[in-house]
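# Predicted model, plus sequence, below.
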Amino acid sequence: MSDISIGLLDSMEAPVSADSVTLELLRAARATVRASPLGVIETPMIPWSQTTLPPCGPCNIHIKMENMQRTGSFKIRGVANQFARREKGGHFVTMSAGNYGKSFAYASKHYGSKGKVVMPETAPTSRSTLIQSFGVEVERVPTSCMMDTVNRCIQENSMTFLHSYDDLDLIAGHASLGFEVLEKMAKPDVVVVCCGGGGLLAGVAAAIKLSGCHQTRIYGVEPEGACTMYRSFIENRPMGMDTRSIASGLAPPFAGTLPYELCRRFVEAIVLVSDEQIKMAVSTLYKSGLVVEPSGSAAFAAIVNGKIPDMENKNVVCILSGGNIGKDELTHFPD
């Protein structure tokens, strides 16, 4: 699948370009996230050298522990800004492999909204069960049918679509993570971030670059089997594909349009890691006492497998983006 048509949604949403993303907008979103009743926390950022992780060469690496965030991932940041800017008690639909859906469901319960999450059939069933526990409906469908299902919900049930990564409010909320990084390391040389649809990568990159860190190199990391942003960089337009990866949270069927524009403007490059490298990353982190899901381990996998160039004697930030992994899932990873 080389291109994705999102049908009905094209005519419903006014186009937003990268020029809409300003430092002022991101700072305002950060204030909203900080004040959110959803309880978003400022996660720790610790030196690699102060962990029991294996040494990783002559560089100063700090790990941003977003796996410790409320609801277990960075997604709550964007959701906090999205819901703050939507009508209370609305009827919303979204699509998610798990982490966004969990934060969406958590926010829906808090705000008294009705919600539905369209999930890919490949997502762990434990995640759909958790989402349903918040009183939100889940419909599992093939990945290629997710957008058609969302469009049906909009047409038949008058539901409002909240995008899980291609949304200005969401991206602005995610930028709060970038600002937190700069408070701990004012001028990082390298920042490594996972990339699925690109919402987190776009938000973090925009916050860092618009704050004046023009020399910082920001890298996105995707699985080899779900490399939509990587292909988008090659084709110079947002691309889709039939995605397959153990990191289901990094495997949406297409790259977001706004995330793509922002990533092309602010991101140095997209690098790829294999599923086996992701599995080893999860295992290595777990052995050091860090519970991180496959999607959340991608940046770490890129660093330990030499995918990031010119790190020697540099100040590097590695973002662990999520920790939603169950005991049953951990049994599938190498000892």
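Received, thanks. Numbering: from 1, shown residues only.

# CA atoms for contacts and neighbours, from now on please.
Noted.

# Which residue lies nearest the spatial centre of this structure?
Leu200 (4.4 Å; Cα atoms, centre = their mean).

# for the nearest residue to Lys209 once chain neighbours are set aside, what are its contacts?
Spatial nearest neighbour of Lys209, chain neighbours left out: Phe266 (6.6 Å); criterion: Cα to Cα, 6 or more residues apart in numbering. Counting by Cα atoms under 8 Å, 6 or more residues apart in numbering, Phe266 touches 202, 205-206, 209, 218.

# Now, those that are in strands?
Ile218 (DSSP state E).

# Would you state the helices of this protein in chain order?
Taking DSSP state H as the test, the helices found in the chain are 8-12, 23-35, 75-84, 99-111, 125-132, 146-157, 168-184, 199-210, 228-235, 257-266, 275-287, 298-304, 327-330.

# between the ones you listed, which has the poorest average model confidence?
Between the helices of the chain, the lowest average pLDDT goes to helix 8-12, which shows a mean of 39.

# still on that earlier bit, now for the helices of the chain, which one comes closest to Cys56?
Among the helices of the chain, the nearest to Cys56 by Cα to Cα is helix 298-304 (6.8 Å).

# Verify the contact between the residue nearest to the centre of the chain and Gly173 for me.
No. If you go by Cα atoms under 8 Å, Leu200 and Gly173 don't touch, sitting 9.0 Å apart.

# Contacts only, for the nearest residue to Glu137 once chain neighbours are set aside.
Distance criterion Cα to Cα, 6+ apart; nearest residue to Glu137, sequence neighbours excluded, is Lys116 at 4.6 Å. Each residue near Lys116 by Cα under 8 Å, 6+ apart is listed here: 92-94, 136-139.

# List buried residues within those residues.
92-94, 136-138 (16 or more other Cα atoms under 10 Å).

# Pick the one among those closest to Leu258.
Checking the buried ones among the contacts of Lys116 against Leu258 with Cα to Cα, the nearest one is Thr94 at 17.3 Å.

# how far away is that closest one from Met229?
Here the criterion is Cα to Cα, to the nearest Å. By it, Thr94 lies 21 Å from Met229.

# Likewise for Ser321?
Distance, Ser321 to Met229, by Cα to Cα: 18 Å.

# Compare neighbour counts for those two and give me the winner.
When Ser321 and Met229 are compared for neighbours, Met229 comes out ahead with 31 against 28, by other Cα atoms under 10 Å.

# Who's the closest spatial neighbour of the more buried one, skipping the chain neighbours?
Per Cα to Cα, 6+ apart, closest to Met229 is Ala255, 5.5 Å.

# give me the number of residues near that neighbour?
Residues near Ala255, counting by other Cα under 10 Å, number 30.

# and if you look at Asn60?
Count around Asn60 with other Cα under 10 Å applied: 18.

# Which residue, neighbours along the chain excluded, lies closest to it?
Asn315 (4.8 Å).

# Looks like the one you found contacts Pro188 (just checking).
Yes. Contact criterion Cα under 8 Å: Asn315 and Pro188 qualify, at 5.3 Å.

# Could you check which of the two is surrounded by more residues?
Pro188 (22 against 17).

# how about stretch 26-33: buried residues?
Going by neighbour count (16+ other Cα under 10 Å), the buried part of stretch 26-33 is 26-30, 32-33.

# which one among those gets closest to Glu261?
For those, the nearest to Glu261 is Leu26 (16.2 Å; Cα to Cα).

# how close does the closest one sit to Ala97?
Separation of Leu26 from Ala97 (Cα to Cα) stands at 26 Å.

# ditto for Phe179
To Ala97, Phe179 is 26 Å away according to Cα to Cα.

# More neighbours: these two, which one.
Neighbour count, other Cα under 10 Å: between Phe179 and Ala97, Ala97 has more, with 26 against 22.

# Spit out the contact partners of the residue nearest to Lys64 when sequence neighbours are not counted.
Excluding the flanking residues, the one nearest Lys64 by Cα to Cα, 6+ apart is Met45, at 4.3 Å. The contact partners of Met45, taken as Cα under 8 Å, 6+ apart, are 62-65, 181, 184.
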